[in-house]
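1. What would the 3D arrangement of this be:
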Amino acid sequence: MTVEPGIRVGQESAASTSDASVIERSWEKPEAFAVLFDRHADSVHRYAARRLGTEVAEDLMAETFTTAFQQRFRYNTELADARPWLFGIATNLIGRHRRAEARRLKAIGRLPSAAPADGSEDPVADRVAARVSAQAVRGELALAMARLPARHRDVLLLVAWADLGYEEVARALEVPVGTVRSRLHRARRKLRDALGGSDPTAFPEESEESDDE
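-> Below you'll find the predicted structure:
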């Protein structure tokens, strides 16, 4: 399926209809799926760009929605908001680029503190900087993020960049909520250690549960 930005499907694309309703309608009217694209393509693109850069983000965003369209019959329509599902697909696709993401973070970590990563966008670490106590730790933060296990980095960035709650991250990654809490706790602890005790995140952390592998 190819979906272009800006497509609208009648008045049913109004914000009053849930994502689940749109997906269910697309079972019989595939063109209705374009409404979901209109709603969430930009946020999925931003998430992909922050993790992998703008060069890869466009293709990854398109593949996310192509995969979602192909899997739409399996969507649980009791879940009104499809964002966790979409970000879960995107994160799985990002998993194919783990080495590229780590190289990108390490490259940012080697940049002078005032230098941008490139001319087209803010560096990845700058995206996190709003959650960091001082800009001076930007390079150290990027390097620390590169050293995180992929499963911990996924949880951290779904919370920090995709703005998902713990239960939504659990749905996105298809893991228990306790695992999300445990991975987030461990990721934040490793970042704090790398940053000399600074807390790199502004979001609240719930108590750790021990069902992580």
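
2. Tell me the first helix or strand C-terminal of the helix or strand of the chain with the lowest mean pLDDT.
-> Of the helices and strands making up the chain, the lowest-confidence element is helix 124-129, at a mean of 45, by mean pLDDT, DSSP states H and E. As assigned by DSSP states H and E, the chain's next helix or strand after helix 124-129 is helix 138-147.

3. Could you identify the helix or strand that succeeds that next one?
-> helix 150-160.

4. For that next one, buried residues please.
-> Within helix 150-160, the residues that count as buried by 16 or more other C-beta atoms under 10 Å are 151-160. In this view, the C-beta of every residue, glycine as well, is placed from N, C-alpha and C.

5. Give me the distance between the helix or strand following it and the centre of its chain.
-> Using DSSP H and E, the helix or strand that follows helix 150-160 in sequence is helix 166-173. Taking C-alpha atoms, centre = their mean, to the nearest Å, one finds helix 166-173 lying 11 Å from the centre of the chain it belongs to.

6. and helix 166-173, which residues are buried?
-> Across helix 166-173, burial judged by 16+ other C-beta under 10 Å covers 166, 168-173.

7. packing partners for it?
-> The contact analysis (3 or more C-beta pairs under 8 Å, 6 or more residues apart in numbering; DSSP states H and E) places helix 166-173 against helix 83-94, helix 150-160, helix 177-194.

8. Take these and lay them out in CSV including distance to L105.
-> Output for those, formatted as CSV (distance: least, C-beta to C-beta, whole Å):
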stretch, distance to L105
helix 83-94, 13
helix 150-160, 9
helix 177-194, 12
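
9. Just the closest of the buried residues of helix 166-173 to N76, please.
-> Of all the buried residues of helix 166-173, R171 has the smallest distance to N76: 9.0 Å, by C-beta to C-beta.

10. who touches the closest residue to that closest one other than its chain neighbours in this structure?
-> Nearest non-adjacent residue to R171, counting by C-beta to C-beta, 6 or more residues apart in numbering: P84, 4.2 Å away. Residues near P84 by C-beta atoms under 8 Å, 6 or more residues apart in numbering: 164, 168-169, 171-172.
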